[in-house]
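Colleague: mind folding the following:
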Amino acid sequence: MALKPKNRVLDNFAMSGMSDIVFLLLIFFMLTSTLIAPNALKMLLPSRGQVTIQGESRIPTVTIHNGSRITVDGRTVSLEDLGMVLESKLQGLPDPTIKVVTSPAVSVGDAVKIMNVAAEKDYTVVLKQL
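Modeller: Predicted coordinates for the structure are as follows:
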């Protein structure tokens, strides 16, 4: 006499419900990703051998040295005065651009502080590493 269990385990699985959910999620993420406005900084990363920018002599160069020392065209300035100095140098230009030069030893936080000043003034940043 063979005993049979009352509850049978079914080994099939319906994939139609799962594919509907995946399709709806795909549509949802595609729609919501187009609605997100990027909050980014306009930044140009020069490549090796790139042609120089026209009017580069009018672009101020902000150099970040070790120890969080900041210079603008060779003149040392504080972070608080950086916005005013850049504003006076870029006054009247249609597309204000600054060049930020760093070394590998400079912390990322120092570079971000400079980029935040540029973002507040809506300047384009060209980032260069020594």
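Colleague: which strands or helices does the longest helix anywhere in the chain pack on?
Modeller: In the chain, assigned by DSSP state H, the helix with the most residues is helix 16-35. Contacting helix 16-35 under the criterion 3 or more Cβ pairs under 8 Å, 6 or more residues apart in numbering; DSSP states H and E is no other helix or strand. For every residue, glycine as well, the C-beta is placed using N, CA and C.
Colleague: that helix: which residues count as buried?
Modeller: By neighbour count on 16 or more other Cβ atoms under 10 Å, the buried set for helix 16-35 is empty.
Colleague: any idea of the mean pLDDT for it?
Modeller: Average pLDDT, helix 16-35: 89.
Colleague: could you report the neighbour count for Lys89?
Modeller: Lys89 has 15 neighbours, counted by other Cβ atoms under 10 Å.
Colleague: my bad, Thr71
Modeller: Close neighbours of Thr71, defined as other Cβ under 10 Å, add up to 14.
Colleague: tell me the pLDDT of it.
Modeller: pLDDT for Thr71: 90.
Colleague: in this structure it contacts Val77, no?
Modeller: Yes - with contact defined as Cβ atoms under 8 Å, Thr71 counts as touching Val77 (7.0 Å).
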